[in-house]
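> Predicted coordinates and the sequence they were generated for:
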Amino acid sequence: MTEAAYGPILLLGGWAKGYKAPLDLITPIASADEAWRLYATRLRLETFFAAQKSRGFPLHQSPLSESTRLSRLLRAAC
């Protein structure tokens, strides 16, 4: 990996309470604080989408077809 090919990168390592292993993060974001903030947001979003698809709330299997009702159901699930 070179700066010419990928641009500047930041390599971060963090160990959160309750986790057995550290989390390594490679990012083009220059600020470590901003990189961790955005990554934490990503983890929440991925968990939300996974819950909507397969982890206990299969929205795609809902018999609702009217957009207003689906919207209400999604807001309640959020």
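It's in.
> Any buried residues in the helix or strand harbouring residue 24, and which?
Applying DSSP states H and E as the criterion places residue 24 in strand 23-27. For strand 23-27, a neighbour-count test (16 or more other Cβ atoms under 10 Å) marks 25, 27 as buried. Backbone N, C-alpha and C define where each C-beta goes, glycine included.
> as a whole number, average confidence for the very next helix or strand once past it?
For strand 23-27, the succeeding helix or strand toward the C-terminus, using DSSP H and E, is helix 32-53. The average pLDDT for helix 32-53 rounds to 80.
> Show me what the helix or strand following helix 32-53 is packed up against.
Following helix 32-53 in sequence order, the next helix or strand is helix 67-77 (DSSP H and E). Packing partners of helix 67-77 (3 or more Cβ pairs under 8 Å, 6 or more residues apart in numbering; DSSP states H and E): helix 32-53.
> tell me what the helix it packs on is packed against?
Counting by 3+ Cβ pairs under 8 Å, 6+ apart, helix 32-53 packs on strand 10-14, strand 23-27, helix 67-77.
> Pipe the ones you listed into JSON lines and attach mean pLDDT per row.
Converted to JSON lines, those look like this (pLDDT from 0 to 100):
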{"stretch": "strand 10-14", "mean pLDDT": "88"}
{"stretch": "strand 23-27", "mean pLDDT": "87"}
{"stretch": "helix 67-77", "mean pLDDT": "79"}
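> Understood, closing this out.
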